[in-house]
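> Give me a 3D structure for the following:
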Amino acid sequence: MAGIVPSAGGRFRRRRYAPMADINVTPMVDVMLVLLVIFMITAPLLQVGVPVDLPKTSAQQVGGKDEPLVVSVNAKDEVFLGETKYDVDELAAKLKAVHEEKPDQRVFIRGDKSINYGRMMQVMGIVIDSGFRQLGLLGEQAEPSASKAAAPAHPAKRR
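So this is what the prediction gives:
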C-alpha cells in the first residue's frame, strides 16, 4: 500500500511498504527443542516397566488400534497389571472392573521364559474368566537366520 507523505522540504515523497520476506527461524527452533525434550521424557515412560525375559518367536507382530492391557508374570512368579503388582484375587477383581468399562479391550500376557507353564495357564484363566476374549501372548522376535536354519530349504515331495 503506497501513501503520499509530505517531507520537511514541502515536497511529496512516495513511500512504499514492502512485505517482509524473511522467515523468523528462532520461534520454530524453540518449539522444536521443546518438543524434543517432551519426547525424550515421555518415550521411556511408554515401555512396560516389569522386567521379563520373553521367549523368542518367529510369529509376526499383531497390530491394533487401541492400547492393550498388559499382564506380566516375572521370574519371581509375581503378577503385574501394567506396572502395578497384584495378588491373584486382586487381579481378578481389577480385570472384571476394567472389563465392565471396556468390554472390547485387548489383553496381552507377558511371561518370563523361566516360569512354570501352569502359572501362565492360571493367569490366562483369570483373564478369560474376567470376560476378556481378545487375548494374546507376547514374545521377542527371533533372529531371522535362526528361523531359516530350522526350516528345510526344499520341502520333501509326497507321492
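
> Going by C-alpha atoms from here, please, whenever you check contacts or count neighbours.
Will do.

> Quick one: neighbours of Ser72, just the number.
Residues lying near Ser72 (other Cα atoms under 10 Å) number 28.

> How about the one 5 residues further on?
Neighbour count for Asp77, taken as other Cα under 10 Å: 15.

> Skipping adjacent residues, who's closest to it in space?
Ile115 (6.8 Å; Cα to Cα, 6 or more residues apart in numbering).

> By residue count, what's the longest helix in the protein?
Looking across the chain with DSSP state H, the single longest helix is helix 26-42.

> Quick one: name whatever helix or strand follows it.
Counting by DSSP states H and E, the element after helix 26-42 in chain order, helix or strand, is strand 56-57.

> what's that next one packed up against?
If you count contacts as 3 or more Cα pairs under 8 Å, 6 or more residues apart in numbering; DSSP states H and E, strand 56-57 packs onto strand 140-141.

> Would you map the strands across the chain?
2-6, 12-16, 56-57, 69-73, 79-81, 84-86, 107-111, 135-137, 140-141 (DSSP state E).

> Comparing these by mean pLDDT, which bottoms out?
Among those, strand 2-6 carries the lowest mean pLDDT, at a mean of 57.

> I figured Ala75 was touching Val52, is that so?
Yes: if you go by Cα atoms under 8 Å, Ala75 and Val52 touch, sitting 7.0 Å apart.

> what touches both of the two?
Asp112 (Cα atoms under 8 Å, 6 or more residues apart in numbering).

> so who does Ile115 touch?
Val73, Asn74, Ala75, Asp77.

> so how many other residues sit close to the first one?
Val73: 24 surrounding residues under other Cα under 10 Å.

> just use 4 as the starting number from now, easier for me
Got it, the first residue is 4 from now on, which makes the last one we talked about Val76.

> so who does it touch?
Taking Cα under 8 Å, 6+ apart as the criterion, Val76 is in contact with Val55, Val82, Phe83, Ile112, Arg113, Gly114, Asp115, Ile118, Met123.

> mean confidence score for the longest helix of the chain?
90.
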